[in-house]
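>>> the sequence and its predicted three-dimensional model are supplied below.
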Amino acid sequence: MTYNTPSSNNPWAGMTLANENADVGILGIPWDNAASYRRGAAEAPSTLRRCISCTDPFTEEGRAIELSLHDYGDVPRDLDWPRYFTTVTERAKQALQHPFTLFIGGDHSVGIPLIKAMSASTDEPFGILHIDAHADLEDEFEGSKWSHACTARRALENANVRSDGYVYVGLRAPIDDDIHFLAEHPEIQVHSMRSVIQRGIPAVAEDVIARLSRFKNVYITWDVDSLDPAYAPGTGTPNAGGLTTRELLHLFRSIIPALNVRAMDIVEISPPLDHSDITTWAAIKVIIETLGMLQEKWNR
């Protein structure tokens, strides 16, 4: 396979771009109207595309990524919030036709229409792995049920999302509704950041796999503030004491081969709050390695 030299005009690191029959679908959702603290996440899709054009299509172990990608571009921003989320859901359904779909947010509220699209695109329950510092279980936050603090609560209202198929990794910033909801739903599996450190990534990964392996499909929603701000400073609501980028890759190295991960969203990157695109580059590292893991799995 021939690769182009990385440059600012080298989309997706020179990986093969194809049509709707590609292995991977990509959709950007440049939206940050639901951020409760600092905004800027609407700029993440364009910044990530710009940065990844300057990298190479190889995993860190030297394997060439030969998967084909189809980039659907971004869902155009719309000041009509309900109409915009409806459009996101419809566009996401189209992108979910691929064996794997990557969604680039946006603040975490975009997970509401994305998970709704996933629920509508399958005829059976699917598992969700939610990697985040925050549980996002508020029923309403700052007067809105579509706040980025309500993403998980809205997700659990979908027909094909079960509370016993919802798993958290990295929690360390609870607020009232989160605490009460989790106490009322002990079937939700929670790996707080403290327990991750105490037990280690292999033990946590084993529990995640045991819980989610019963589902034919799994959706990962990844908030970059799950990473410690040392590794992801460019985010609206940072919280110290989080995962390292290497720990997250270690987790993925276990769960990607074991579970049928059909889609993943990456949310809460805020380029205006970033320094030297550190947070974007962390996301790119995770994307490249995830694609490599999927390719290795599919080629077995």
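Nice, thanks for sending it over.
>>> how much space between D207 and S213?
The gap separating D207 from S213 is 11 Å, by Cβ to Cβ, to the nearest Å. C-beta: built from backbone N, CA, C; applies to glycine.
>>> ok, now G241?
According to Cβ to Cβ, G241 stands 29 Å off from S213.
>>> also E296?
19 Å.
>>> ditto for W281
When distance is defined by Cβ to Cβ, W281 is 32 Å away from S213.
>>> of these two, who's got more company?
W281 (20 against 14; other Cβ atoms under 10 Å).
>>> centre of the chain versus the helix or strand containing that one, how much separation?
In this structure, W281 sits in helix 278-298 according to DSSP states H and E. Counting by Cα atoms, centre = their mean, to the nearest Å, helix 278-298 is centred 12 Å from the centre of its parent chain.
>>> what is it packed up against?
Packing partners of helix 278-298 (3 or more Cβ pairs under 8 Å, 6 or more residues apart in numbering; DSSP states H and E): helix 44-52, helix 245-258, strand 261-267.
>>> and those, which is most packed in?
Most buried of the helices and strands packed on helix 278-298, by mean neighbour count (mean count of other Cβ atoms under 10 Å): strand 261-267, with a mean of 25.
>>> picking up where we left off before, quick one: the helix holding W281 to strand 261-267, angle?
180 degrees (axes from the mean of the first three to the mean of the last three Cα atoms, to 10 degrees).
>>> first to last residue in stretch 179-195, what's the distance?
The stretch stretch 179-195 measures 16 Å between its terminal residues, going by Cα to Cα, to the nearest Å.
>>> name every strand pairing with the top strand by length along the chain and say which way it goes.
Criterion DSSP state E: the longest strand present in the chain is strand 161-171. If you go by DSSP bridges, strand 161-171 pairs up with strand 126-131 (parallel), strand 189-192 (parallel).
>>> quick one: distance of it to the chain centre.
Centre-to-centre, strand 161-171 and its host chain are 14 Å apart (Cα atoms, centre = their mean).
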